[in-house]
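J.: could you look at this predicted model? Sequence included:
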Amino acid sequence: MGMGVTARNFGVRAGDVWLFRELDLDVPAGECLALVGENGSGKSTILRCLYGMQVPLEGTLSVADRQPDELDVEFRRDVAVLFDDSDLFVELTPVQHLELLAGTFGLDLDIGELLRDAGLDERSDVTAGSLSAGQRRRLMLLGATARPFRVLLLDEPERALDAGGKQWLTEVVGRAKDAGAAVVVATHHPPLLEVAESVVDLSGQL
Ligand SMILES: Nc1ncnc2c1ncn2[C@@H]1O[C@H](COP(=O)(O)OP(=O)(O)OP(=O)(O)O)[C@@H](O)[C@H]1O
């Protein structure tokens with residue numbers, strides 16, 4: 001199994017201070033890296049760079065054997081993401097979201113089973129706009145993971161999830177690893193560290 005994500009001599013500045021510098025990351029296929037650290041320490045910034053939404057000031061990145069570029073269709077096929085500002089189609093139901101996903105990726109999804117697993121089976125035909133914050137989050141996480149990917153990038157995926165939702169999230173990350181994906185997750189949820197092979201703490205890098 002190859003490398004899912006590598007970074008060499010990776011550095012980003014915010015204004016006139018370095019958020020981090022000379023950072024090396026190695027996330028092999030089938031493993032999870034957790035990014036931890038206080039608010040503003042640079043976790044989301046790393047994920048944005050790994051998805052090619054931001055270019056680092058220093059260093060080289062490789063994600064799914066490519067230089068990150070969110071505009072590259074092939075790159076997006078290999079890299080699944082859940083970001084802070086990820087959103088749903090408010091007019092579409094959970095079933096319709098998954099039908100759309102199945103169409104986009106040419107998948108034969110068991111939508112009923114997926115929604116049951118995510119705890120959304122009772123809400124499968126309600127528009128996303130009328131779901132609760134945690135239910136929306138579950139659907140977004142499902143959208144990111146119910147499709148093939150080589151790399152999974154998650155920014156504080158535990159946000160808005162209840163205890164059962166967080167447990168499910170841990171299982172979802174475990175399954176992604178078992179399927180051979182490299183996972184990078186920024187998190188403030190300690191139990192997720194138990195499914196991570198490595199942890200990078202960005203606190204005090206300044
Ligand atoms: N577009 C931007 N322009 C300038 N500075 C930015 C930009 N985005 C983020 N920053 C700054 O970079 C720093 C790191 O932000 P980042 O969102 O990566 O932190 P984080 O570790 O994800 O924090 P949190 O735990 O609060 O989500 C912050 O001080 C933030 O103000």
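T.: Structure received.
J.: was I right about residue 46 contacting residue 34?
T.: No - Residue 46 is not in contact with residue 34 according to Cβ atoms under 8 Å; the separation is 11.5 Å. Yep, even glycine has a C-beta here, placed from its N, CA and C like the rest.
J.: give me the residues contacting the lengthiest helix in the chain.
T.: Determined from DSSP state H, the single longest helix within the chain is helix 163-178. The contact list for helix 163-178 (Cβ atoms under 8 Å, 6 or more residues apart in numbering) reads 30-32, 117-119, 134, 137-138, 141, 145, 149, 152, 154, 157-158, 161, 183, 185, 189, 191-192, 194-195.
J.: can you give the distance of that helix from its chain's centre?
T.: Centroid separation for helix 163-178 versus its chain: 12 Å, with Cα atoms, centre = their mean, to the nearest Å.
J.: now the one residue sitting closest to the centre of the chain: closest residue in space that isn't a chain neighbour?
T.: Centroid-nearest residue in the chain, with Cα atoms, centre = their mean: residue 154, separated by 2.2 Å. Counting by Cβ to Cβ, 6 or more residues apart in numbering, residue 185 is the residue found nearest to residue 154 once chain neighbours are left out, at 4.3 Å.
J.: do I have it right that the one you found meets residue 151?
T.: No - Residue 185 is not in contact with residue 151 according to Cβ under 8 Å; the separation is 11.5 Å.
J.: quick one, phi psi at the residue nearest to residue 154?
T.: The phi and psi values for residue 185, taken as degrees, to the nearest 10, are phi -130, psi 130.
J.: enumerate the beta-bridge partners assigned to it.
T.: residue 34, residue 154 (DSSP bridges).
J.: and it, how far is that from residue 191?
T.: From residue 185 across to residue 191, the span is 12 Å (Cβ to Cβ, to the nearest Å).
J.: comparing these two, which residue is more hemmed in?
T.: More crowded of residue 185 and residue 191, by other Cβ atoms under 10 Å: residue 185, with 27 against 12.
J.: which residues are in contact with the more buried one?
T.: The contact partners of residue 185, taken as Cβ under 8 Å, 6+ apart, are 32-35, 153-155, 157, 173, 192, 196.
J.: what about the closest residue to residue 133 other than its chain neighbours, which SS state?
T.: Nearest residue to residue 133, sequence neighbours excluded (Cβ to Cβ, 6+ apart): residue 160, at 4.2 Å. Classification of residue 160 by DSSP: H, G, I helix; E, B strand; the rest coil places it in coil.
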